[in-house]
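1. generate coordinates for the sequence data below:
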Amino acid sequence: MSDEDGSAADGFVGDGRRKHVTVDTAGGERHEHGDVYLRHSVDAFEVSPDFEFPAAETTRYEKADLAHVAVTQHHSACFVTTAAAGEGETLDALRSFRDGTMRRTPVGRALVGVYEAVSPPVAATLADHPDARTTRVVRWLVDRCATLVRVREARTTPLARDALAVALTLCYVVGVCVALAGHAAIRGRARLGRISRGRTARRSRGG
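-> Residues are numbered from 1 along each chain as shown. Sure, this is the predicted structure:
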């Protein structure tokens, strides 16, 4: 654990809602953070009482040093969904399915773990490019998944609910794959653009 000494690294994503966070370190220490904001990157969690995460009021936890992180008051880590569709009923419906169904099976927990590991930079890309084709496709998939969740909740037979759970899980996987591919393509184009501009600038200086 360490207090952040400078500005947060790129790739941190949060949902802008206050929550209670309990952090258990691999060394056996427990840290409680009440009424704070949480944000998440590939490598770390940060908590702060200020939504702007000023350095002096931000505590950073490296994921490699942690055994468990528990969040109450509001579920975190739906970063791609938040970036594509925003807050509201869609987000609540998907969180309900994630926590009430997916996390109860080994395969579901594995999928959620992969999602939480890869989603922060992907969500940052989608948030930065709200009109990109990838963002529009992911938004459409998120909306369809939320509709399926509501249809599943209205079903009473176990067979129908199980079939819809399978469909939702497949849609979940497709959405993550589309988001990852789009993230890579958008970042790749941006990198190529920077290289091209750099070459043009060098030629201009040479001429």
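2. all the strands of this protein, residue numbers only.
-> Taking DSSP state E as the test, the strands found in the chain are 2-3, 13-14, 19-25, 30-40, 44-48, 59-62, 66-72.
3. how does this structure divide up, domain by domain?
-> Residue ranges for the domains of the chain, per automatic domain parsing: 2-72, 79-203.
4. TSV for the ones you listed, including mean neighbour count and mean pLDDT?
-> No exception for glycine: its C-beta is placed from N, CA and C like everyone else's. Rendered in TSV, the data for the domains of the chain read as follows (neighbours: other Cβ atoms under 10 Å; pLDDT from 0 to 100):
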stretch	mean neighbour count	mean pLDDT
domain 2-72	15	81
domain 79-203	16	83
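5. quick one: residues contacting Gly34.
-> Contacts for Gly34 were tallied using Cβ atoms under 8 Å, 6 or more residues apart in numbering; they are His20.
6. any idea how far Ala56 is from it?
-> Note on Gly34: its distance to Ala56, by Cβ to Cβ, to the nearest Å, is 19 Å.
7. same check, this time on Gly100
-> Taking Cβ to Cβ as the criterion, Gly100 is separated from Ala56 by 39 Å.
8. then Leu111?
-> Going from Leu111 to Ala56 by Cβ to Cβ gives 38 Å.
9. and Arg199, by the same measure?
-> Going from Arg199 to Ala56 by Cβ to Cβ gives 42 Å.
10. just the helices from the protein, written as ranges.
-> Ranges of helices in the chain, per DSSP state H, are 79-85, 89-100, 106-128, 133-154, 158-206.
11. could I get those helices as CSV with distance to Ala67?
-> What follows is those, written out as CSV (distance: least, Cβ to Cβ, whole Å):
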stretch, distance to Ala67
helix 79-85, 22
helix 89-100, 20
helix 106-128, 14
helix 133-154, 31
helix 158-206, 25
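12. of those, which is nearest Val69?
-> Comparing the helices of the chain by their distance to Val69 (Cβ to Cβ), the top pick is helix 106-128, with 10.0 Å.
13. check which helices and strands that closest one sits against.
-> Helices and strands in packing contact with helix 106-128 are listed as strand 13-14, helix 79-85, helix 133-154, helix 158-206; criterion 3 or more Cβ pairs under 8 Å, 6 or more residues apart in numbering; DSSP states H and E.
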